[in-house]
Every structure is written in C-alpha cells, then in structure tokens.
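A.B. asks: from the sequence below, what's the structure:
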Amino acid sequence: MAVACAMMALAASLGLFQIIMRFVIEAPAEWTEVLIRFSLIWMVFMGIPAAFRAGAMVSVDVLYRWSPPKLKRVLDWFVSSAALALILIIIWWGWDYAQRGRVQTVIGLENVTMFWAYLALPVGGVFSVIGIIGNLIDPQRLELETAQ
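C.D. replies: Prediction:
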C-alpha cells in the first residue's frame, strides 16, 4: 500500500509540475505525461493486493450475510478461486506483454521501454495472490462491519 500511495503522490506531483511548466513557464515537459501514466498503472496494481487482503475486492455481501456459517466458507473458497484464476491470467499475460514491450520505446522517454509499465501486471498479480490466500486463511470482512 505504501508503494501505491507513493505512486499516487508522484502522479499528483508530476501533474502539478506539468501545469506549472505548461501554463506558467510556457515550456511543457512532455515526459511528465508518460511518467504520470506509468505511476497510475503501478498505483493500481500495487493497491489491488491490499484490497484483496482486506476482502474488499470481490465481494458477495448480501449472499454472505444470508448464508449459514458452513456456506460462508464455501463462498470464501469460490470467490477466492475465481479471483485467483483471474489474477493468474493477469500474471501470465502481463509477463508476456512485458517481454514484448522490451522493444517498444516510450515517446517522451526514449531510453525507457514499455517493459516497465507492463511489469506492474505480473508484480501486482504476485502480491495479489498472496493477498487472496491471506484473506482465505484469515478473512477480514471489515466492509461488512462498516456498511450502513
């Protein structure tokens, strides 16, 4: 979550820098747009594992509330299995995209390849798997307690 917050702070700082450069100094810095995009991608894929760990990503709240205790564990396993299947697909294709992106340079940052943007998918996916398994072993249904 700290990395996700840092990426959001970086995106906001770069956006402010770009506004100052473009409208005050009148010399836009094109490279900031690319870095903002990269940081937002990394922010999302580093924040998803924390949401999975908290049990806040894939949620079937109404069905979970109405279910007896034995069915709740079945629901936990079903939702976790579906989420794991999706994340494993993201890891597989994300790594494939990252490998293919090694030859694709980024406009505005010619020395950087798209590998670094696409790498967020498998890295975030691996951490998401840990979060999903952690939530399956020790469920934290905090959104149910705070729901109005």
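
A.B. asks: residue 62 - how many residues pack around it?
C.D. replies: Neighbours of residue 62 under the rule other C-beta atoms under 10 Å: 8. The way it works is simple: take the backbone N, C-alpha and C, and place the C-beta from them, glycine included.

A.B. asks: okay, and it sits in which element?
C.D. replies: Secondary structure from DSSP states H and E places residue 62 in helix 61-66.

A.B. asks: how about the helices in the protein?
C.D. replies: 2-19, 31-53, 61-66, 69-100, 115-118, 120-137, 142-146 (DSSP state H).

A.B. asks: hmm, residue 10 is touching residue 38, no?
C.D. replies: No - applying C-beta atoms under 8 Å, one finds residue 10 not in contact with residue 38, separated by 9.1 Å.

A.B. asks: so for these two, which sits in the more crowded spot?
C.D. replies: Set side by side, residue 10 and residue 38 show more neighbours around residue 38, with 21 against 17, by other C-beta under 10 Å.
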